[in-house]
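> please work out how this folds:
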Amino acid sequence: MAEIHNYTLNFGPQHPAAHGVLRLVLELDGEVIQRSDPHIGLLHRATEKLAESKTYIQSLPYMDRLDYMSMMVNEHAYCLTLEKMLDLDVPIRAQYIRVMFSEITRLLNHLLWVGAHAIDCGAMTVLLFTFREREDLIDMYEAVSGARMHAAYVRPGGVYRDLPDTMPRHKPNKVRSAKATEALNRNRNGSFLDFVDDFVTRFPNFLEEYHTLLTENRIWKQRTVDIGVVTPERALNLGFTGAMLRGSGIAWDLRKKQPYEVYDQLDFDIPVGKTGDTYDRYLVRMEEMKQSNRIIKQCVDWLRANPGPVISSNTKVAPPSREAIKSNMEDLIHHFKLFSEGFCVPKGEAYAAVEHPKGEFGIYLVSDGANKPYRLKIRPPAFVHLAALDEMSKGHMIADAVAIIGTMDIVFGEVDR
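Below is the predicted model of the structure:
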């Protein structure tokens, strides 16, 4: 009788659930996974190396393109590291704007995650629902920065500009009547903060819709309960952060444990799982969206009541106003020098991390006193989580590998860098 050997299967990179460029080499016994070996590097763009030949300002847009689902949070970590090295004070209004956009970005990330995770496991509808809400959030990005995704809005010393007084409005066209346009513009008659406030009021109902579709869904629970279980001890030893760690029952969140910006002045809770399986991590992220909504509301209320500067007055690091450039020779020189030569950072090294939607995202920067970094090291959360794929998928079926990749919330821009 012929012996039964394990056979090897390539899962991805063309598989839709491989999220773009993951090549997973699975060693199978029948349909049971014995070993999974992630082959990465297919999206490597040498971000860390490129930064060594760019000024500090020129490297900022590269951050958007790391985790291209959580753009402003990446910029935030980079600017925090620079501000640490420059000993730069950020105006309080800019800090609130940064925090508000960090939480808007968390919603953007988690909405895409829950939609993609659901469609990977066979539930089509959720993705269509979540993209409806993402459209409003991306409009917020566009209103402040002019770009729908790669914003480059967070700058060393603050943010690029203050929040706009009006929101862009839709116009009637061949395929959209005046009545339909008016319905689309219903919440765009006021300021930017009015638009955000309106979204924050509506969002809890949307969240309930996702819960109705998934949370008690029999098939969803069969696909996620007791799949990819990680104990609290193993989660710590594997270097998990974010929802992957909190899903295993450890309440670690940098916004609470190592507060940065104004998080210590805001009221929000840290959701924690019990069993450390895929279903728990789903519930943790769903509750995180609810808490992010609370934070955004608090930021909107504060920003309404407190006008002020949004970027540092140090013109060696932050550009002077357009008005000053047109009327003052020194400001014109500062502007020209800043965008041609950049600014020099004192010799030394610094590490700053933020609570990214996927976990702890950190930037380690070494300066030799020049206008370019000597070395830039990015600490991406998904890279660490992907290393645990073999351990999490052992003994599960091929179909469960899809659910486990989904629960990790992996984006390859930051894994391959």
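> quick one: mean pLDDT for stretch 87-96?
Regarding stretch 87-96, the rounded mean pLDDT is 92.
> use 5 as the first number from now on
Yep, numbering from 5; the last one is stretch 91-100 now.
> mind listing residues that contact it?
Residues outside stretch 91-100 that contact it (CB atoms under 8 Å, 6 or more residues apart in numbering) are 86-87, 102, 160-163, 166, 265-266, 303, 306-307, 310-316, 318, 321. From N, CA and C alone the C-beta is placed, and that goes for glycine too.
> return a PyMOL selection command for the buried portion of those.
Buried subset of the contacts of stretch 91-100, written as a PyMOL selection, criterion 16 or more other CB atoms under 10 Å:
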select buried, resi 86+87+102+160+161+162+163+166+265+266+303+306+307+313+314+315+316+321
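> of the contacts of stretch 91-100, which belong to helices?
Within the contacts of stretch 91-100, residues falling in helices by DSSP state H are 86-87, 102, 303, 306-307.
> helices of the stretch 5-154 of the chain, start to end?
Taking DSSP state H, counting those that start in this stretch as the criterion, the stretch 5-154 of the chain carries its helices at 51-55, 60-68, 75-90, 96-124, 129-149.
> still on that earlier bit, most widely separated two among the ones in helices among the contacts of stretch 91-100?
By the measure CB to CB, Leu86 and Trp306 form the most distant pair in the ones in helices among the contacts of stretch 91-100, at 24.9 Å.
> any idea which residue is closest to the centre of the protein?
Taking CA atoms, centre = their mean as the criterion, Ser74 is the residue nearest the geometric centre of the chain, at 2.5 Å.
> surely that one meets Glu359?
No. Here Ser74 lies out of contact with Glu359, judged by CB atoms under 8 Å, at a distance of 10.9 Å.
> low-confidence ranges, the chain, go.
Along the chain, the model assigns pLDDT under 70 to residues 5-8.
> one more pass at 80, please.
Counting by pLDDT under 80, the ranges of the chain that qualify are 5-9, 16, 18-24.
> just the strands in it please.
11-15, 27-33, 36-43, 158-159, 162-163, 352-360, 363-371, 379-383 (DSSP state E).
> of these, give the one that comes closest to Thr51.
strand 379-383 (6.8 Å).
> give me every residue that touches Leu54.
The contact partners of Leu54, taken as CB under 8 Å, 6+ apart, are 63, 66.
> from Pro65, how far off is it?
Leu54 sits 11 Å away from Pro65, going by CB to CB, to the nearest Å.
> and Leu111, by the same measure?
22 Å.
> neighbour count: the two, which is higher?
Leu111 (25 against 15; other CB atoms under 10 Å).
> residues contacting that one?
Residues near Leu111 by CB under 8 Å, 6+ apart: 137, 141, 207, 293, 296-297, 300.
> redo the ones in helices among the contacts of stretch 91-100 as a markdown table? Include distance to Phe365.
As requested, the ones in helices among the contacts of stretch 91-100 are exported to a markdown table (distance: CB to CB, whole Å):
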| residue | distance to Phe365 |
| --- | --- |
| Leu86 | 15 |
| Glu87 | 16 |
| Arg102 | 14 |
| Cys303 | 20 |
| Trp306 | 25 |
| Leu307 | 24 |
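> show me what contacts the residue nearest to Ser149 when sequence neighbours are not counted?
Setting aside the residues directly before and after it, Ser149 is nearest to Ala155 in space (CB to CB, 6 or more residues apart in numbering), at 3.8 Å. Ala155 makes contact with 68, 75-76, 79, 145, 148-149, according to CB under 8 Å, 6+ apart.
> pull the most distant pair out of these.
Asp68 and Val148 (13.7 Å).
> what about the two, which has more around it?
Using other CB under 10 Å as the criterion, Asp68 and Val148 rank with Asp68 on top: 24 against 20.
> what about the more buried one, distance to Leu115?
Asp68 sits 18 Å away from Leu115, going by CB to CB.
> equivalent analysis for Ala322, please.
Distance from Ala322 to Leu115, by CB to CB: 32 Å.
> ok, Leu167 next?
Leu167 sits 22 Å away from Leu115, going by CB to CB.
> and these two? Which one has more around it.
Each of Leu167 and Leu115 has its neighbours counted (other CB under 10 Å); Leu115 has more, 26 against 21.
> please name the nearest non-neighbouring residue to the more buried one.
Nearest residue to Leu115, sequence neighbours excluded (CB to CB, 6+ apart): Thr134, at 4.1 Å.
> hang on, the one you found packs against Ile123?
No. Counting by CB under 8 Å, Thr134 sits too far from Ile123 to count as a contact (10.0 Å).
> more crowded one of those two?
With other CB under 10 Å as the criterion, Thr134 and Ile123 differ in neighbour count, and Thr134 comes out ahead with 24 against 18.
> residues in contact with the more buried one?
Per CB under 8 Å, 6+ apart, neighbours of Thr134: 115-116, 118-119, 214.
> Ser344: how many residues sit nearby?
Number of residues near Ser344 (other CB under 10 Å) recorded here: 8.
> oh sorry, the question was meant for Ser149
Counted with other CB under 10 Å, residues neighbouring Ser149 total 21.
> equivalent analysis for Pro323, please.
For Pro323, the neighbour count with other CB under 10 Å is 18.
> that one and Lys376: what is the separation?
The value you get for Pro323 to Lys376, if CB to CB is used, is 19 Å.
> repeat for Leu131
Between Leu131 and Lys376 the computed distance is 41 Å (CB to CB).
> same question, Ile300
Distance from Ile300 to Lys376, counting by CB to CB: 36 Å.
> more crowded one of the two?
Each of Ile300 and Lys376 has its neighbours counted (other CB under 10 Å); Ile300 has more, 24 against 18.
> that one against Val200, yeah?
Yes. Contact criterion CB under 8 Å: Ile300 and Val200 qualify, at 6.6 Å.
> who touches both of these two?
Listed contacts common to Ile300 and Val200 are 104, 108; contacts here mean CB under 8 Å, 6+ apart.
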